[in-house]
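Asker: Quick one, fold the following:
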Amino acid sequence: MKPNQRLAVIDLGSNSFRMVVFLAGASWWKRTDEIYEPVRIGQGLARSGKLGQKPMQRALSTLDVFAHFAAASGLGSDALDAVATSAIREAANAQAFLRRARERSGLPIRVLTREQEARYGYLAAVNSTTLSDGYVLDLGGGSLQLVAVSARIARHSASWPVGTVRMSERFLPGRGRAKRKQLQELREHLAGELRGAPWLAAASAGSAAGARRLVGIGGTVRNLAAAAQRAAGLPSNGVQGMVITREAVDELVERLAALPAAERASVPGIKPARADLILAGAVVIQVVLDAGGFEGLEATEAGLREGVFFERLLKGREPPLFEDVRRASVLNLAAFYQADPAHTRHVAALALGMFDELARLGLHRGDPRERELLWAASMLHDIGMSVDYDDHHKHSRYLILSAGLPGFTPIEVAIIAQAARYHRKGLPEPGPLGALFGEGDAERLDRCAVLLRLAEDLERSRDQLVRRTSLSLNDGEVELRLIADGESIVPRWAASREAELFNRAFARGLSVAA
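Answerer: Numbers count the residues shown, from 1 in each chain. Okay, the predicted model is just below:
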């Protein structure tokens, strides 16, 4: 895609229709708009084999809205990609509906094959997580897709007609509580369907932990992740990277089954539009976890729409994948908010140089993952300047948490955000993100925050005066020596104020010398 080019991806799913507008810049991309409607076009399809009149009318009305929105936004046919999935693909009257839809809305609609649908789900998952070896689950209203991934390449895929709408209508009809017999029949049906994928069963026999990793996309996955998040008392900063454990899924199934369909939205995190379908979706995931021997399901907020977009954005690569998802996430966010690149790159270089020197002195273990968190915080610490200079450290924290960083876990994002928050002053603390912090995480935050703050101090005048540093350990105190291209009074003054936090992070005093 060219700089400043837009693409609207329209996902005509069995449960919902969604239109997402993406914008690609010179070195960044982002979503700029989204319209969602729970059309339920797949309603009744399992019984009749056809799209019903009322579902089709809802669909056509929604497509009218999408078409008018596209016209008002100046999105021509070359900037539109409408894709239809399971329900429309399998309906006996699909061609008649598509003809009416194209005549009425003018939208170009292409019906995805099972293989194409699985591919887009794979692209979405692998481009938004660090999945290298494992499996991708895409659960929609009409079907379930599973893709086996090895070395980031899709090796096997399969599709089953066991989506949430189909399974709810067939096994969990009515508005009352689910009966034990109904749930058992649903589980037996699902288990029978999944026996057709021997490569999935091989996951439970594999010894490598990575091979048992399962990443899920789709509205049901996101909704269940939100419910599990709320149940665990975790902060609600999106569900990217959230792992729903097998125990959490079992608890949600039990809790949802005890409620009438109309009351399932009372479970915190469950959206009313999905309340009547969420139990069937939770059982599908429960059975997949058992069939593959997975310990949990990792949610990503990317979906089929992102998969379609990534194919355009990364055109020329096969498969169209980011080389390093974590690095791409950080650079994308930094580029979008136009943080001073010379300044942020130099701050990152100074911070990483001190990190490496302190590891050489034996003051910390030099963990590569922690080093990467420090780099990310350094690259993003000033993005809050796009809001205002005053309190820009707090604005940076907010933007990091709100935008998210695909490829990083929730606790990693929390450490990056809090390190950016404390890059100017104050003693770092987890704050409202404390529920995410485990053993050693507060200490990681201290180390990242003080090294970022020192690097910012040394680059206070934004002129790259201090080229690098030299650290030595003398009588239990760390001496920070500045190698500069001129008089370094300002950076020495600024860095000398960080002795308290440095001592807290490394249990050593700090002195600063030219």
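Asker: drop to CA atoms for contacts and neighbour counts, all remaining ones
Answerer: OK.
Asker: Would you map the strands across the stretch 401-514 of the chain?
Answerer: 466-474, 477-484, 509-513 (DSSP state E, counting those that start in this stretch).
Asker: would you list those strands in TSV and tack on mean pLDDT, distance to S386 and mean neighbour count?
Answerer: Formatted as TSV, the strands of the stretch 401-514 of the chain follow (pLDDT from 0 to 100; distance: least, Cα to Cα, whole Å; neighbours: other Cα atoms under 10 Å):
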stretch	mean pLDDT	distance to S386	mean neighbour count
strand 466-474	96	26	17
strand 477-484	96	29	18
strand 509-513	95	32	18
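Asker: Dump those strands to TSV, plus distance to A262.
Answerer: As requested, the strands of the stretch 401-514 of the chain are exported to TSV (distance: least, Cα to Cα, whole Å):
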stretch	distance to A262
strand 466-474	63
strand 477-484	63
strand 509-513	62
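Asker: Give me the below-cutoff pLDDT ranges for the stretch 201-350 of the chain.
Answerer: 203-211 (pLDDT under 70).
Asker: mind listing the helices for it?
Answerer: Per DSSP state H, counting those that start in this stretch, the stretch 201-350 of the chain carries helices over the ranges 219-231, 246-257, 278-292, 304-313, 325-336, 341-360.
Asker: Would you format the ones you listed as TSV with mean neighbour count included?
Answerer: Below are the helices of the stretch 201-350 of the chain laid out as TSV (neighbours: other Cα atoms under 10 Å):
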stretch	mean neighbour count
helix 219-231	23
helix 246-257	18
helix 278-292	23
helix 304-313	22
helix 325-336	20
helix 341-360	20
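Asker: Out of those, which is closest to A96?
Answerer: Nearest of those to A96, taken as Cα to Cα: helix 304-313 at 24.8 Å.
Asker: which residues sit against the closest one?
Answerer: 1, 7, 9-11, 20, 22, 24, 117, 119-125, 127, 217-218, 320-321 (Cα atoms under 8 Å, 6 or more residues apart in numbering).
Asker: among those, which are in helices?
Answerer: E117, R119, Y120, G121, Y122, L123, A124, A125 (DSSP state H).
Asker: Report the contact partners of the fifth one.
Answerer: Counting by Cα under 8 Å, 6+ apart, Y122 touches V136, V147, A154, G307.
Asker: R31 too?
Answerer: V20, V21, F22, L23.
Asker: Neighbouring strands - and their directions - for the helix or strand containing it?
Answerer: According to DSSP states H and E, R31 maps onto strand 29-37. Paired neighbours of strand 29-37 in the sheet (DSSP bridges): strand 17-24 (antiparallel).
Asker: how far off helix 325-336 does the partner strand point, in degrees?
Answerer: Here the directions of strand 17-24 and helix 325-336 differ by 70 degrees (axes from the mean of the first three to the mean of the last three Cα atoms, to 10 degrees).
Asker: and strand 17-24 with helix 304-313, angle?
Answerer: 30 degrees.
Asker: Go ahead and measure how far strand 17-24 is from the middle of the chain.
Answerer: 16 Å (Cα atoms, centre = their mean, to the nearest Å).
Asker: Could I get the average pLDDT for that strand?
Answerer: Taken as a whole, strand 17-24 has a mean pLDDT of 97.
Asker: What lies in contact with it?
Answerer: Taking Cα under 8 Å, 6+ apart as the rule, strand 17-24 contacts 1-12, 29-39, 59, 62, 66, 305, 309, 313.
Asker: rerun that using 7 Å as the cut-off
Answerer: 1, 3-12, 29-39 (Cα atoms under 7 Å, 6 or more residues apart in numbering).
Asker: Take those residues and, keeping just the buried ones, write it as a PyMOL select command.
Answerer: Buried members of the contacts of strand 17-24, defined by 16 or more other Cα atoms under 10 Å, are picked up in PyMOL with:
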select buried, resi 1+6+7+8+9+10+11+12+29+38+39
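Asker: count of residues packed around E188?
Answerer: If you count neighbours by other Cα atoms under 10 Å, E188 ends up with 12.
Asker: tell me what the host helix or strand of it is packed against?
Answerer: Here E188 sits within helix 180-194, counting by DSSP H and E. For helix 180-194, the elements it packs on are helix 278-292, judged by 3 or more Cα pairs under 7 Å, 6 or more residues apart in numbering; DSSP states H and E.
Asker: redo that, cut-off 10 Å
Answerer: strand 153-160, helix 164-171, helix 246-257, helix 278-292 (3 or more Cα pairs under 10 Å, 6 or more residues apart in numbering; DSSP states H and E).
Asker: how about the ones you listed, which one is nearest R187?
Answerer: Per Cα to Cα, nearest to R187 of these: helix 278-292, 6.5 Å.
Asker: that older thread, pull the distance from the helix holding E188 to the chain's centre.
Answerer: 30 Å.
Asker: what's next to that helix, contact-wise?
Answerer: 146, 158-162, 167-168, 170-173, 200-201, 253, 257, 279-280, 283-288, 290-292 (Cα atoms under 10 Å, 6 or more residues apart in numbering).
Asker: Try it again at 8 Å.
Answerer: Taking Cα under 8 Å, 6+ apart as the rule, helix 180-194 contacts W160, V162, M167, F171, L172, L200, V283, V284, V287, V288, A291.
Asker: same question for that helix, mean pLDDT?
Answerer: Rounded mean pLDDT across helix 180-194 is 97.
Asker: Report the buried residues of that helix.
Answerer: Quick answer for helix 180-194 (16+ other Cα under 10 Å): L183, L186, R187, H189, L190, A191, L194.
Asker: likewise stretch 393-411?
Answerer: 393-401, 404-411.
Asker: Okay, and which of those residues map to helices?
Answerer: Short answer: those in helices (DSSP H) are H393, K394, H395, S396, R397, Y398, L399, I400, L401, P410, I411.
Asker: want to throw the residues you listed into CSV with distance to L471 and pLDDT?
Answerer: Formatted as CSV, these follow (distance: Cα to Cα, whole Å; pLDDT from 0 to 100):
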residue, distance to L471, pLDDT
H393, 27, 95
K394, 30, 96
H395, 32, 96
S396, 29, 97
R397, 29, 97
Y398, 33, 97
L399, 33, 97
I400, 31, 97
L401, 33, 97
P410, 33, 97
I411, 30, 97
